[in-house]
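> Predicted coordinates and the sequence they were generated for:
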Amino acid sequence: MTAGVAGGAPISHAEPVMGTVVSFVVHPGDLGAAAAAAAVARACQILHEADAIFSTYRPDSPVSRLRRGEAALAELPSDVAAVLELCEHAKEVSAGWFDPWAMPGGVDPTGLVKGWAAERALAELVGAGVLAAMVNAAGDLVVHGQPPGQSAWRIGIRHPWRGDALACIIEADAAVATSGSYERGAHLIDPKIGQPRTRAASATVTGPSLALADALATALAVAGPRGIELVVALAGYDAYVIDMDGGEHTSAGIRVASALPVPDEA
Amino acid sequence: MRRSPFVVAGTAAGLGAVLGLHIGAPATLMPVSGARATADRQAHGAATANGSAPPAGSSGSSSAAPAPASASGGSAVPLVALPRTAVGASQQYGYGVLSVRVTVRGTQIQSVAVERLQTADQYSQQLAAQVIPMLRSQVLSAQSAHINGISGASYTSQAYAFSVQSALDKLHVA
């Protein structure tokens, strides 16, 4: 176990925001618990600000106004243009398998915003000087540092069908995003045909940026295993895809941890 | 749109075998363990304000089994810890409302069961029935597997973890 590690117990926090819950695990280290908790509060504020700007469920949000054609991009907060630029990039590198402009109802950056916001929340914690932290935006997560007593964050990838298992455990040092047909059912839209269609049961993408990993995971859930080659072409990014038949497809850079259960660290 | 509450009864046979979680373990994931941040309380309260249905009678209550352990004054671990149970606050998730019932002995989780699962329509019920048993085991097996986080389906898992944490708070063990 990790008892007795300097820095004390981690701070855990769960924040309802963006239509879901974003959870934090923070190891304050030398920063101390009080300052770390204050940083978590600021990180949550960042999430709420992102929600206010990008929510497609709030009719008065800047993005909702943009979707209805009521406002020009230049009139909106600069974050909107910044996120759409990231969306454009994600669309390019995913060969169009991720395409916010092909969604019903107008441009919808939702598939990238959650990751983008969580990434910014983590940056707030890192800037404050925490030893290690994880921000988990309901299954899409990004980590910093190493949990005390561990060489890396161990992230379980949910098994898409079996009730009693994780599909695998991977070691992460940055972003991990997973999308799948079990998650939102038929609601994942194939941008190539404008209709619901998925070709993977579960698609996980790891890499430096959670915004991009989030978008690419969505892309691979639609594209299926063939999308892996698009991901590995990007420096630092890897993919783990479970196809509709249960077959597993992993790029070389995914670090699969030892099978569960594992013994306690002494 | 049909709103028919249904309950996933009990815990799976043999589930007890994987219940090895020590709640005080520091290197665990999810809000299940060690949540002390003050905003958690606030969040739990807010999450019960859902518009889809009135909470079931037991939801959000701490109608635990009689807990002689509390006779110790709460500051000392009793020599013989009896099982205690609490129901976590109902949590709204993408497809409906969820709450769980947690039983602990001392600081060990003995079982986690879905107390209430109310979904908005037929489709969601099918989805939830598929997802929930998986989640139930993950709260437990995830701990024994020494993982720090889970990447996967968006909605239900967090509502589940949230309700578990809420129940543990009521039992004063996390």
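Cool, the structure landed.

> Bridged to the residue of the stretch 151-266 of chain A found nearest chain B, which residues?
When scored by CB to the nearest CB, the stretch 151-266 of chain A has residue A:158 as its residue closest to chain B, at 2.8 Å. Using the backbone N, CA and C atoms, a C-beta is placed for each residue, glycine as well. Under the criterion DSSP bridges, residue A:158 forms beta bridges with residue A:166.

> Just the local confidence number for it, please.
Looking at residue A:158, its pLDDT is 78.

> helix, strand or coil for the closest residue to residue A:151 other than its chain neighbours?
Sequence neighbours aside, residue A:171 is the residue nearest to residue A:151 in space, at 7.6 Å (criterion: CB to CB, 6 or more residues apart in numbering or on different chains). Recorded secondary structure, residue A:171: strand (DSSP: H, G, I helix; E, B strand; the rest coil).

> Residue A:171 pairs with what?
Beta-bridge partners of residue A:171, counted by DSSP bridges, are residue A:154.

> Surely it is in contact with residue A:255?
Yes: when contacts are counted by CB atoms under 8 Å, residue A:171 is listed as touching residue A:255 (4.2 Å).

> okay, the two: which has more neighbours?
Using other CB atoms under 10 Å in any protein chain shown as the criterion, residue A:171 and residue A:255 rank with residue A:171 on top: 19 against 13.

> Could you check which residue of chain B lies nearest chain A?
Closest point on chain B to chain A, by CB to the nearest CB, is residue B:152, at 2.8 Å.

> Around that residue, how many other residues sit close by?
Neighbourhood size, residue B:152 [other CB under 10 Å]: 32.

> wait, residue A:63 sits on residue A:50?
No: contact criterion CB under 8 Å: residue A:63 and residue A:50 do not qualify, at 10.3 Å.

> between these two, who's got more neighbours?
Between residue A:63 and residue A:50, residue A:63 has the larger neighbour count (other CB under 10 Å), namely 26 against 21.

> three-state assignment of that one?
Three-state call for residue A:63 (three-state DSSP): helix.

> Please list all residues in contact with the closest residue to it other than its chain neighbours.
Spatial nearest neighbour of residue A:63, chain neighbours left out: residue A:54 (4.9 Å); criterion: CB to CB, 6+ apart. Counting by CB atoms under 8 Å, 6 or more residues apart in numbering or on different chains, residue A:54 touches A:61, A:62, A:63, A:79, A:80, A:83, A:109, A:110, A:113, A:117.

> which regions of chain A lie under the pLDDT threshold?
Applying pLDDT under 70 to chain A flags the ranges A:1-8, A:161-165, A:182-187, A:258-266.

> give me the element residue A:178 is part of.
strand A:175-179 (DSSP states H and E).

> wait, what's in contact with residue A:66?
Contacts of residue A:66 by CB under 8 Å, 6+ apart are A:73, A:76, A:80, A:106, A:107.

> Show me where chain A has its helices.
Secondary structure of chain A, counting by DSSP state H: helices at A:33-54, A:62-67, A:78-93, A:110-128, A:181-184, A:210-223, A:228-232.

> So which of the ones you listed is nearest residue A:166?
Between residue A:166 and those, the tightest spacing by CB to CB is seen for helix A:181-184, at 13.6 Å.

> if we can go back for a sec, shared neighbours, residue A:63 and residue A:50?
By CB under 8 Å, 6+ apart, residue A:63 and residue A:50 have no common neighbours.

> following the helix-or-strand element of chain B with minimal mean pLDDT, which helix or strand shows up next?
Taking mean pLDDT, DSSP states H and E as the measure, the helix or strand of chain B with the lowest value is helix B:39-47, at a mean of 30. Using DSSP H and E, the helix or strand that follows helix B:39-47 in sequence is strand B:83-87.

> What's the mean pLDDT across that following strand?
82.

> now the contacts of residue A:66: which count as buried?
A:76, A:80 (16 or more other CB atoms under 10 Å in any protein chain shown).

> Count the residues that sit near residue A:33.
Close neighbours of residue A:33, defined as other CB under 10 Å, add up to 16.

> let me redo that: residue A:72
Counted with other CB under 10 Å, residue A:72 comes out at 9.

> List phi and psi for it.
As for residue A:72, its main-chain torsions (degrees, to the nearest 10) stand at phi -90, psi 150.

> any idea how far residue A:87 is from it?
17 Å (CB to CB, to the nearest Å).

> sorry, back to before: hey, what's in contact with both of residue A:171 and residue A:255?
Common contacts of residue A:171 and residue A:255 (CB under 8 Å, 6+ apart): residue A:152.

> Now do the closest residue to residue A:50 other than its chain neighbours: how many residues are near it, please.
Closest residue in space to residue A:50, ignoring its immediate chain neighbours: residue A:117 at 3.8 Å, by CB to CB, 6+ apart. Here the number of neighbours of residue A:117 (other CB under 10 Å) works out to 29.

> residues in contact with residue A:117?
By CB under 8 Å, 6+ apart, the residues touching residue A:117 are A:18, A:46, A:47, A:50, A:51, A:54, A:137.

> pLDDT below threshold where in chain B?
Within chain B, the stretches with pLDDT under 70 are B:1-81, B:91-97, B:107-146, B:153-169, B:172-174.

> what about stretch A:52-64, how long is it end to end?
Separation of the first and last residues of stretch A:52-64 by CA to CA, to the nearest Å is 10 Å.

> That stretch: which residues count as buried?
Under the neighbour-count criterion of 16+ other CB under 10 Å, stretch A:52-64 has A:53, A:54, A:55, A:56, A:61, A:62, A:63, A:64 buried.

> Which residue, other than its chain neighbours, is closest to the fifth one?
Beyond its immediate neighbours in the sequence, the residue positioned closest to residue A:61 (CB to CB, 6+ apart) is residue A:55, lying 4.6 Å away.

> Pull the contacting residues for the one you found.
For residue A:55, the contact set (CB under 8 Å, 6+ apart) comprises A:18, A:19, A:61, A:63, A:64.

> Give me the distance between residue A:124 and residue A:203.
With CB to CB as the criterion, residue A:124 and residue A:203 are 28 Å apart.

> higher neighbour count, these two?
Taking neighbours as other CB under 10 Å, residue A:124 and residue A:203 compare with residue A:203 leading, 33 against 20.

> which residues touch that one?
By CB under 8 Å, 6+ apart, the contact set of residue A:203 is A:178-180, A:217-221, A:227, A:239-242.

> which of the residues you listed are close to chain B?
The residues of these that also fall near chain B, by CB under 8 Å from any CB of the partner chain, are A:178, A:180.

> Could you dump the contacts of residue A:203 into TSV and include neighbour count?
Formatted as TSV, the contacts of residue A:203 follow (neighbours: other CB atoms under 10 Å in any protein chain shown):
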residue	neighbour count
A:178	31
A:179	31
A:180	28
A:217	33
A:218	33
A:219	28
A:220	33
A:221	30
A:227	25
A:239	28
A:240	26
A:241	27
A:242	25
